[in-house]
Structures are given as structure tokens and as C-alpha cells.
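# Next come a sequence and a model predicted from it.
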Amino acid sequence: MSDRAFAASRLQLVFSAGRDHDLDRVVARDLPALAKQLSHWGHFARPVTVHVAVDLAQLRAASPLASVMDLRGLAIGDQVWLLQPHAWPDRPTDGQLGLLLAHELAHVLWFQRSTQSPRAMAYLPTWFREGFAVVASEGRPAAAQRRQLAHLDIAALAYADDRQMAELGTEVYQVAAYAFASWHAQCGRRGLGELWRQLRAGATFSRAFLNTCGVDDRAFVTTFAAEILNEGRQR
Ligand SMILES: [Zn+2]
């Protein structure tokens with residue numbers, strides 16, 4: 001079914017020496033579907049190297065400043081690191097492993113489409129960087145659940161730093177996904193393509209964002225937070 005989409009994604013994984021039996025099984029079974037999902041957003045320019053970290057210390061050590069650190073994995077340039085399933089506090093299901101792999105691959109896709117500098121990834125606002133990764137890997141969040149955001153401090157979660165992400169976990173990703181989906185509904189594929197084009201041309205994220213949608217990213221989040229608050233009041 002998805003052979004053509006898989007080919008269109010041009011996704012090629014290269015595994016480093018560290019392998020994991022569970023991960024190999026998930027890759028063998030789910031990679032075509034993950035590639036199909038990601039191919040809606042663009043194709044990969046280069047192969048992606050996958051490393052397995054034996055514990056959290058090794059995962060963190062692989063994460064200098066210019067990386068995208070998630071709780072169980074990270075993406076840096078064309079590389080993905082995943083925490084070995086045995087080292088997760090709760091052993092992950094195959095579905096969770098597949099989602100983590102897809103999420104980190106989405107960060108690599110962003111990197112390959114938008115910039116030549118891994119360092120530039122660190123300057124993306126959390127909501128936009130994680131929002132893209134969640135929506136690209138899992139699809140749009142369910143509209144009916146948007147009202148669950150009403151009790152959250154959206155502006156703070158949207159710009160959470162690494163430490164806050166570790167503490168607040170899923171709420172950061174939740175807010176990011178809805179905020180990114182809202183941006184994408186307004187600016188669309190064309191907007192995303194234009195944003196990438198400007199980033200490749202050397203614009204800062206703030207400048208490229210403003211040029212693309214006519215509003216700066218902080219103002220966009222402020223409006224988004226007001227909308228959510230409003231929807232919460234109307235319940
Ligand atoms: Zn992420």
C-alpha cells in the first residue's frame with residue numbers, strides 16, 4: 001500500500017553499532033507507515049543515522065546544546081538517538097516506540113528541509129519545533145480535545161525550556177501540537193514552504209515567521225492563548 005509513499009519520502013535509516021531487538025521489530029513492521037505519514041510534509045534529503053542509547057546518561061551525553069532533546073530520544077542534525085526500551089521507566093509498547101521514532105524523524109525532516117545548521121534548531125521556539133514534530137508524526141490533534149487546554153498557562157508552556165519540558169512533559173507537547181496546528185491552518189503548506197525557504201536563505205526564525213504570516217511568533221501565541229481561554233469560557 002505505502003510503497004510509493006515510502007519511496008516518495010526518500011527515508012533511509014542507517015543503524016549505528018548499537019541495536020535493539022524491540023526497535024528492530026518496530027522498524028521492520030512500521031517504517032513504511034511512518035514514512036508515509038512524514039511524506040505529507042516533505043522528503044528527506046539525506047539518510048538518517050539511528051543510535052540506541054543504553055541509558056539516560058548516554059542519551060544526555062549525546063545531546064550538546066544544538067540538539068532537540070525529548071524525554072526518550074533526541075534529534076541532532078541528520079542523527080536520531082533513542083533510549084533503549086529496557087532503560088525506559090515503564091517498558092514501552094511497540095506503538096510508543098514507533099511514535100518516538102517518527103517524532104525524532106520529524107525533527108530531522110525539519111532540519112533537512114529548513115537549514116544546514118544543527119545549531120539553528122535550538123533557536124526555534126519550543127511550541128513550533130515540538131508542534132511540528134507531533135503533528136507531522138501523529139497527525140492533527142483532535143479538535144474536540146482542544147478545550148482541555150483552557151486551564152493551562154499556554155504562553156509559559158509554549159516557550160518552555162529543556163528543564164521545564166522535563167518537568168511538564170506532555171502538557172508542553174499538547175500545547176505545542178494545538179498551537180502549531182492552528183498556525184498551519186492559517187498559513188498552510190505554502191506558508192511552511194516559504195518559512196523553510198527563508199530559513200535556508202539565512203533569515204532568523206523570528207524574521208522568517210513574521211515575513212511568512214505577518215505576525216510575530218509571540219503575538220501569534222498570545223492570540224492563540226486568548227482563543228483557547230475564550231473557548232473555555234463558552235463551555
Ligand atoms: Zn521533539
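Alright, I've got the coordinates.

# how's this structure carved up into domains?
What automatic domain parsing lists as the domains of the chain is 1-120, 123-235.

# Compare the mean pLDDT across those and name the weakest.
Least confidently modelled of those is domain 1-120, at a mean of 87 by mean pLDDT.

# Let me see the ranges of the strands in this protein.
Residue ranges of the strands in the chain, as given by DSSP state E, are 13-15, 48-53, 68-69, 73-76, 79-83.

# I'd like those strands laid out as CSV, including distance to the ion and mean neighbour count.
Every residue, glycine included, has its C-beta placed from N, CA and C. Converted to CSV, the strands of the chain look like this (distance: least, CB to the ion, whole Å; neighbours: other CB atoms under 10 Å):
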stretch, distance to the ion, mean neighbour count
strand 13-15, 18, 13
strand 48-53, 15, 21
strand 68-69, 5, 22
strand 73-76, 7, 24
strand 79-83, 11, 23
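
# residues contacting V48?
V48 makes contacts with L11, Q12, L13, V14, D78, Q79, V80, L105, V108, as judged by CB atoms under 8 Å, 6 or more residues apart in numbering.

# Most widely separated two among the residues you listed?
Greatest spatial distance in the contacts of V48: L11 and Q79, 14.0 Å, computed using CB to CB.

# measure the residue nearest to A150 when sequence neighbours are not counted to R10 for me?
Closest residue in space to A150, ignoring its immediate chain neighbours: G232 at 2.7 Å, by CB to CB, 6 or more residues apart in numbering. As judged by CB to CB, to the nearest Å, G232 and R10 stand 42 Å apart.
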